[in-house]
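Engineer: Test case, fold it:
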Amino acid sequence: MSKGKFDIKSILDIPRWEAVQDQLAKATGTAIITIDYKGTPITKHSMRTDFCSIIRENPISCKRCQKCDSLAGLEAVRLNQPFIYLCHCGIVDVAVPITVGDQYLGAVMFGQVRISNGSDAGVERLVNEISAVHTDDAVSALQPDLRELYQRLPEMEYERIRGIADMINAIVQYIVACAVDNRARMMSYEWRLRSLPGDVHAAGADVPVEIHALTGKEECIGAEETVQKSSMVYPAVVYIEEHLHEIIPMHEMASLCHLSRSYFSRLFQHDIGENYTDYVNRRKVERAKELLRSTPDSVSAIASALGFLDVSYFVKLFKRFEGVTPLTYRKLKRSSSAAPSLGKI
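Structural biologist: A predicted model of the protein is given here:
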């Protein structure tokens with residue numbers, strides 16, 4: 001898996017998902033399979049119908065099935081919702097997209113049903129196409145069976161199909177959210193482990209037990225107040241809070257969150273309420289205010305400590321956020337703290 005990207009197998013535990021998929025197929029009366037972004041199956045086919053089993057055993061029609069799956073998954077991503085369609089056989093299938101941000105990972109495909117009051121034109125066309133390629137007696141003998149198996153396909157009302165699509169979509173979104181949140185927690189754990197002194201790293205197997213107690217607490221007040229832990233940009237917020245002394249390029253934070261730069265920028269604005277650059281600068285100014293109040297360090301020293309290469313830029317930035325220069329802010333705070341308090345009568 002390339003840096004900054006998710007893989008569908010990092011989202012779905014395939015053996016466990018197949019067990020869930022089997023139960024969903026039984027409960028809904030539909031056939032279900034999961035594919036990757038190329039349209040290649042990554043699970044077995046749960047409750048595949050006899051009709052589709054025969055179709056997929058034929059190399060020509062099988063390729064068409066996979067092409068239908070692939071194109072339907074892409075259309076579901078474009079629409080950002082489950083896509084209900086008629087496959088090349090004229091039966092109903094549905095593609096439920098699996099995405100992380102703007103990255104398409106694959107889709108859950110279900111269906112192999114006939115819409116109530118549907119047409120039989122699809123199966124007749126398919127039988128003719130297969131016969132045109134394979135003219136032997138075995139295929140000729142199969143034609144009546146295909147028609148019979150087609151008639152045995154379960155029928156469903158459109159509203160029922162839509163309801164199943166919405167349910168599976170909700171399950172997929174929940175699984176994706178949990179997987180992303182777990183990865184964010186793991187990255188946060190790893191950051192804190194790396195930030196500990198070297199002698200702690202040398203402690204070996206005893207480290208995880210002790211570190212767990214540390215990471216079980218609130219990771220940092222600034223990050224916790226700004227964004228929910230379930231947000232996909234949460235790792236960036238935690239990192240920023242712990243590295244305000246550095247220059248923090250947005251593309252590095254996008255990579256840290258396993259998102260594209262453009263999607264990270266949009267999602268950060270949505271979840272935080274301000275753009276990335278303004279957020280980082282505001283957090284640096286907040287830290288500068290703490291240093292101005294609590295230390296005798298010069299403005300240039302504070303600017304340098306917060307990763308600013310140009311002191312004049314830091315002063316302008318500080319004034320933009322606070323309305324006064326750093327020196328004026330320090331004088332105001334000192335005079336305020338030095339003013340005598342009034343006694344009570």
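
Engineer: Domain boundaries for the protein, per the record?
Structural biologist: Per the record, the chain has its domains at 8-173, 220-337, by automatic domain parsing.

Engineer: okay if I get those as JSON lines plus mean neighbour count and mean pLDDT?
Structural biologist: For glycine as for every other residue, the C-beta is placed from the backbone atoms N, C-alpha and C. Output for these, formatted as JSON lines (neighbours: other Cβ atoms under 10 Å; pLDDT from 0 to 100):
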{"stretch": "domain 8-173", "mean neighbour count": "17", "mean pLDDT": "83"}
{"stretch": "domain 220-337", "mean neighbour count": "17", "mean pLDDT": "87"}
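
Engineer: Save those domains as TSV, and put in distance to N182 too.
Structural biologist: Formatted as TSV, those follow (distance: least, Cβ to Cβ, whole Å):
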stretch	distance to N182
domain 8-173	10
domain 220-337	10
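
Engineer: how about those domains, which one is nearest D181?
Structural biologist: When the domains of the chain are compared by Cβ to Cβ, domain 220-337 sits nearest D181, at 5.0 Å.

Engineer: Note down every partner strand of the lengthiest strand in the chain and its orientation.
Structural biologist: As assigned by DSSP state E, the longest strand anywhere in the chain is strand 103-115. Each strand that pairs with strand 103-115, with its direction, by DSSP bridges: strand 31-36 (antiparallel), strand 92-100 (antiparallel), strand 155-156 (parallel).

Engineer: before we move on, what SS does L259 have?
Structural biologist: Assigned with DSSP: H, G, I helix; E, B strand; the rest coil, L259 falls in the coil class.

Engineer: Next up, phi/psi of it, please.
Structural biologist: With angles defined as degrees, to the nearest 10, L259 sits at phi -130, psi 160.

Engineer: ok, now how distant is it from V233?
Structural biologist: Shown here: L259 relative to V233, a distance of 8 Å by Cβ to Cβ, to the nearest Å.

Engineer: Common neighbours of the two, please.
Structural biologist: Taking Cβ atoms under 8 Å, 6 or more residues apart in numbering as the contact rule, L259 and V233 both touch L267.

Engineer: Show the secondary-structure elements that the helix or strand encompassing V238 is packed against.
Structural biologist: Assigned by DSSP states H and E, V238 falls within helix 234-242. Contact analysis of helix 234-242 by 3 or more Cβ pairs under 8 Å, 6 or more residues apart in numbering; DSSP states H and E lists helix 158-195, helix 221-226, helix 250-256, helix 261-272, helix 276-294 as its packing neighbours.

Engineer: In TSV: the ones you listed, plus distance to T40.
Structural biologist: Listed next are those as TSV, based on distance: least, Cβ to Cβ, whole Å:
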stretch	distance to T40
helix 158-195	18
helix 221-226	39
helix 250-256	27
helix 261-272	25
helix 276-294	36
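
Engineer: closest to T49 out of those helices?
Structural biologist: Of the helices and strands packed on helix 234-242, nearest to T49 by Cβ to Cβ is helix 158-195, at 15.2 Å.
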